[in-house]
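1. here is my input; please provide its structure:
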Amino acid sequence: MNTFVIGDIHGCTTELQELLDKAGVAEDVRIIALGDIVDRGPDSAQVLDFFSNNPSRLSLMGNHERKHVRGARHEVRLALSQIISREEFGASYQQALERMGNLPLFLDLPEAVLVHGYLEPGIHLEQQRDTVLCGTMSGDHYLRNQYEQPWYALYDGEKPLIVGHHDHLRNGQPFIFQDRVFCLDTSCVHGGTLTGLLLPEFKIVSVPSRRDYWREAQKKYAQANPPRQVAPPRQILPDRWNETSERILEKIAALAQAESRRVLAELQGVPGFSESTSRQQAKAYATAVGSEMPWSALLHQTRNGEIHLDTVRRLFKSHAEARDLLSRLNGEIDK
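-> Take a look at the predicted model:
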């Protein structure tokens, strides 16, 4: 059975329909969303209905659906995006909660494993933490404290892994790591793109977002609910980062982009590379850049365009680690 897997939709029903049309999804194709189908966008209720009223359509539970469910149990406080969605659902909110509460945390398909957020290496699917699978902040912190390398670099499953949750590149393109981990969140609700992956051929399909829906929703809510006088938010960087650190990260990002362009140019000169499939090209790129972390992760993230500085920062645990890599890279350039 053919399957179409879709990244974070966040209530963007127009883009969802445009994506299905562009992909040419037939009636017999199973449609699976990777979670975060609600909140921030213009029509969470319609998207939730779409994945609730047909057995061939299914969504995983993302961190946004999980927060709605836990908020209803008074386990957490709802964030602004959930408060707005709750008001938009109105009288149907209880039914929406029941639907969101029944969403699965993962799917193990013949072609790939699907989760919304992350996977912890060496742990069976049924034994993974809910916070890790859903990509919550506590799940993210847990993995950062447990492992020195990014979770996707440690993925050791037999099948490819397809996830949503985090837009690594922020340029409208999905992040593909070593042709094994496919990250399909491309920030549709923030004005990016909505991305899907056709299985079993692993063909990527994307459509552009109409606009930044979440910014519009925040402005609309602020106008209707004037804030109380509060102290301005502080911009906080961890103790290990400072202005010098930021300049180091900028230099590392520039070097990664230059190296990525060089590798791609060399591959373009290899006979048959341009005519090969996107998966074959990704595999050839992965072989060329190697597996040394965090340098290889940077090169994978620059493959499709400019890398965001926040993404670079997330790969390092300290200023010293980033400084040492830059020193080594500069030494190799000077040789």
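2. now Leu194: which helix or strand?
-> strand 193-199 (DSSP states H and E).
3. repeat that for Leu58.
-> strand 57-59.
4. list of residues touching that strand?
-> 30-35, 37, 48, 50-51, 65, 103-104, 107 (Cβ atoms under 8 Å, 6 or more residues apart in numbering). From N, CA and C alone the C-beta is placed, and that goes for glycine too.
5. now swap in stretch 213-223 and tell me
-> His10, Gly11, Cys12, Arg40, Gly41, Pro42, Leu80, Ser81, Ile84, Val189, His190, Gly191.
6. pull out the buried residues from these.
-> Burial by neighbour count, judged by 16 or more other Cβ atoms under 10 Å, picks out His10, Gly11, Cys12, Arg40, Gly41, Pro42, Ser81, Ile84, Val189, His190, Gly191 from those.
7. contact partners for the last one?
-> It stands for Gly191. Ser209, Arg211, Asp212, Tyr213, Arg215.
8. let's see the pLDDT reported for the third one.
-> Among the per-residue scores, Asp212 holds a pLDDT of 97.
9. make 17 the first number, not 1, from now on.
-> Right, with 17 as the first residue, what we last looked at is Asp228.
10. can you list phi and psi of the residue nearest to it when sequence neighbours are not counted for me?
-> Computed as Cβ to Cβ, 6 or more residues apart in numbering, the closest residue to Asp228 that is not its neighbour in sequence is Gly207, at 3.7 Å. Backbone torsions of Gly207, given as degrees, to the nearest 10, read phi 90, psi 10.
11. what helices or strands is the strand holding Leu210 leaning on?
-> Taking 3 or more Cβ pairs under 8 Å, 6 or more residues apart in numbering; DSSP states H and E as contact, the helices and strands that strand 209-215 lies on are strand 19-22, helix 29-39, strand 219-224.
12. direction included, what does it pair against?
-> strand 19-22 (antiparallel), strand 219-224 (antiparallel) (DSSP bridges).
13. out of the ones you listed, which comes closest to Gln162?
-> Closest approach to Gln162 among these (Cβ to Cβ): strand 19-22, 27.4 Å.
14. can you give me how far the closest one is from the chain middle?
-> Strand 19-22 sits 15 Å away from the centroid of its parent chain (Cα atoms, centre = their mean, to the nearest Å).
15. please apply the same query to stretch 118-126.
-> 17 Å.
16. buried stuff in that stretch?
-> Leu119, Leu121, Phe122, Leu123, Leu125.
17. so the third one bridges to which residues?
-> Listed beta-bridge partners, Phe122: Val131 (assigned using DSSP bridges).
18. if I pick it, what's in contact with it?
-> Leu76, Val129, Leu130, Val131, Leu141, Gln144, Leu149.
19. ok, the first one next?
-> For Leu119, the contact set (Cβ under 8 Å, 6+ apart) comprises Gly51, Ser75, Leu76, Met77, Glu81.
20. in a strand, the fourth one, correct?
-> Spelled out, that is Met77. No. Met77 is assigned coil when assessed by DSSP: H, G, I helix; E, B strand; the rest coil, not a strand.
21. quick one, strands of the chain?
-> Using DSSP state E, the strands of the chain run over 19-22, 46-49, 73-75, 122-124, 129-131, 177-179, 191-193, 197-199, 209-215, 219-224.
22. could you single out the nearest of the buried ones among the contacts of stretch 229-239 to Tyr171?
-> His26 (25.0 Å).
23. can you add distance to Arg344 and mean pLDDT and give the strands paired with strand 209-215 back as TSV?
-> Converted to TSV, the strands paired with strand 209-215 look like this (distance: least, Cβ to Cβ, whole Å; pLDDT from 0 to 100):
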stretch	distance to Arg344	mean pLDDT
strand 19-22	38	98
strand 219-224	34	97
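24. still on that earlier bit, of the strands of the chain, which is nearest Leu283?
-> strand 191-193 (14.9 Å).
25. coming back round to it: most neighbours of all the contacts of Phe122, which one?
-> Neighbour tally across the contacts of Phe122 (other Cβ atoms under 10 Å): the maximum, 29 neighbours, falls on Leu130.
26. my read is that that one contacts Ile178, right?
-> Yes. Counting by Cβ atoms under 8 Å, Leu130 touches Ile178, with 5.0 Å between them.
27. poorly predicted segments of the stretch 17-166 of the chain, please.
-> Residues of the stretch 17-166 of the chain that meet the criterion pLDDT under 70 are absent altogether.
28. burial of Arg82, as a residue count?
-> Neighbour tally, Arg82, other Cβ under 10 Å: 25.
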